[in-house]
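K.L.:
heads up, no residue letters with this:
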């Protein structure tokens, strides 16, 4: 039996005296795609921030390859790619400069794939345009281009399809399917139905909501 | 083998440092208003002071060290909020925290970039203000030296406050309250150095004290800055 990549045991989180989830437990193994579901305000983003290690405001335990996440931070962070609520793109920099900076702070992002990644996300020809003059969707595409240039094992994606057009969403779904097929794992939140990604494990936060 | 490892870690650290420094400098040069704002403030205070108090050369020469130093301190204080603010708002700060690279190195690079765009130009411009305030020419070198060292300390200490307040919508006032007490020793020894230079006394002692503060800040402030940024982002 292979050890799960990420194991969550008895997770409990409370915001403003409201329990978001309690007793949340799941395993994520290699090659698994997990979709977190729930209505607005059910704590999807909070859960992803906890799993990625951004937020320490929870009870319960998260294990990375069988060890507590806090103990193997370096290994965990080098295998993680997080796509947050904010696209994390500097308006004053061009897409290429943004991605160059990302690959400088994250060794799993390969700098030589920047041009290729920008081409795939449909930003060819915009390489030297400052991001503030690009549209919201294009800005998110700049950040999503990181998915095409990384070797990270675990992707945590918070609403990756927001402001992306239909064709783009289909391409992203194919990318997720490829990543999963090659042994990577994905946790994402989206209100969009994943149709072409193969097997999807679903975790519904609405059912876990406490009182 | 171990040596090879430390060597490659060292070079990757250097690469990270220069990448962050380059990016922050590029950002300030693209957004010129941020770059010019503290400088204009600095010049304005020194210009308005003689108009408001007295244009008498002897009086001005006497208060010039204090005026220049207070103006430089307030100009730095004004620009502090910008160190982490925009990175926090567009989500790049959380990406930095989630990167396997040490946050301390990133923070130190950001502080150095901040100093290069505020403290350094302030120090280089200060002789101009010195002339306007009838500061004797013999004191110019001491003033520039004390500002060069002192403003770097101000940036290092201020970044701790900026990190702590970046999660708040309006952190401006709080930053001032947090860091002003820590700025006072720098102000005392900084303006003391200039006064000693005016009086023709040796100023090595003052500069050495500023240098000691700088050494302490360089070593310890990055720990505090990265911890404060982490608290703000995870909050």
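P.N.:
Noted; the coordinates are in hand. What you see is a predicted model, and the numbers here were worked out from it, not measured in a lab. Numbering: from 1, shown residues only, chains lettered A, B, ... in the order given.
K.L.:
low-scoring stretches of the chain, by residue?
P.N.:
Unless you meant another one, I'm taking chain A. A:1-2, A:208-211 (pLDDT under 70).
K.L.:
not quite, I wanted chain B
P.N.:
Ranges of chain B meeting pLDDT under 70: B:1-6.
K.L.:
how far is the longest helix anywhere in it from where the chain is centred?
P.N.:
What stands out as the longest helix in chain B, according to DSSP state H, is helix B:204-234. In this view, helix B:204-234 has its centroid 11 Å away from the chain centroid, taken as Cα atoms, centre = their mean, to the nearest Å.
K.L.:
give the other helices and strands that it contacts.
P.N.:
Counting contacts by 3 or more Cβ pairs under 8 Å, 6 or more residues apart in numbering or on different chains; DSSP states H and E, helix B:204-234 is packed against helix B:82-89, helix B:92-97, helix B:103-117, helix B:140-165, helix B:172-198. From N, CA and C alone the C-beta is placed, and that goes for glycine too.
K.L.:
which other helices and strands contact the last one?
P.N.:
Pointing back at helix B:172-198 there. For helix B:172-198, the packing partners by 3+ Cβ pairs under 8 Å, 6+ apart come out as helix B:57-80, helix B:140-165, helix B:204-234.
K.L.:
and the gap between the spatially most central residue of chain B and residue A:206?
P.N.:
With distances taken as Cα atoms, centre = their mean, residue B:155 lies nearest the centre of chain B, 2.8 Å away. To residue A:206, residue B:155 is 48 Å away according to Cβ to Cβ, to the nearest Å.
K.L.:
with residue B:7 instead?
P.N.:
53 Å.
K.L.:
do residue B:195 as well
P.N.:
Distance of residue B:195 to residue A:206, given as Cβ to Cβ: 69 Å.
K.L.:
so which bits of chain A are right by chain B?
P.N.:
A:49, A:52-57, A:74, A:77-78, A:80, A:82, A:84-93, A:97, A:100-102, A:104-107, A:130 (Cβ under 8 Å from any Cβ of the partner chain).
K.L.:
where does chain A get nearest to chain B, which residue?
P.N.:
Closest to chain B within chain A is residue A:86: 2.6 Å, counting by Cβ to the nearest Cβ.
K.L.:
helix, strand or coil for that residue?
P.N.:
Put simply, residue A:86 is coil when judged by DSSP: H, G, I helix; E, B strand; the rest coil.
K.L.:
what's near enough to touch it?
P.N.:
Residue A:86 makes contact with B:89-91, B:94 under the criterion Cβ atoms under 8 Å, 6 or more residues apart in numbering or on different chains.
K.L.:
please redo it, this time with the cut-off set to 7 Å
P.N.:
B:90-91 (Cβ atoms under 7 Å, 6 or more residues apart in numbering or on different chains).
K.L.:
separation between it and residue B:220?
P.N.:
According to Cβ to Cβ, residue A:86 stands 31 Å off from residue B:220.
K.L.:
right, and the helices and strands packed on helix B:204-234 - which one's nearest residue B:210?
P.N.:
Nearest of the helices and strands packed on helix B:204-234 to residue B:210, taken as Cβ to Cβ: helix B:140-165 at 4.4 Å.
K.L.:
all helices for chain A, in order.
P.N.:
A:44-52, A:73-78, A:95-105, A:114-120, A:136-144, A:166-181.
K.L.:
could you give the angle of the longest helix of chain B to helix B:103-117?
P.N.:
Per axes from the mean of the first three to the mean of the last three Cα atoms, to 10 degrees, the angle that helix B:204-234 makes with helix B:103-117 is 120 degrees.
K.L.:
thinking again about what came up before, tabulate the helices and strands packed on helix B:172-198 (a markdown table), appending distance to residue B:123.
P.N.:
Output for these, formatted as a markdown table (distance: least, Cβ to Cβ, whole Å):
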| stretch | distance to residue B:123 |
| --- | --- |
| helix B:57-80 | 8 |
| helix B:140-165 | 4 |
| helix B:204-234 | 12 |
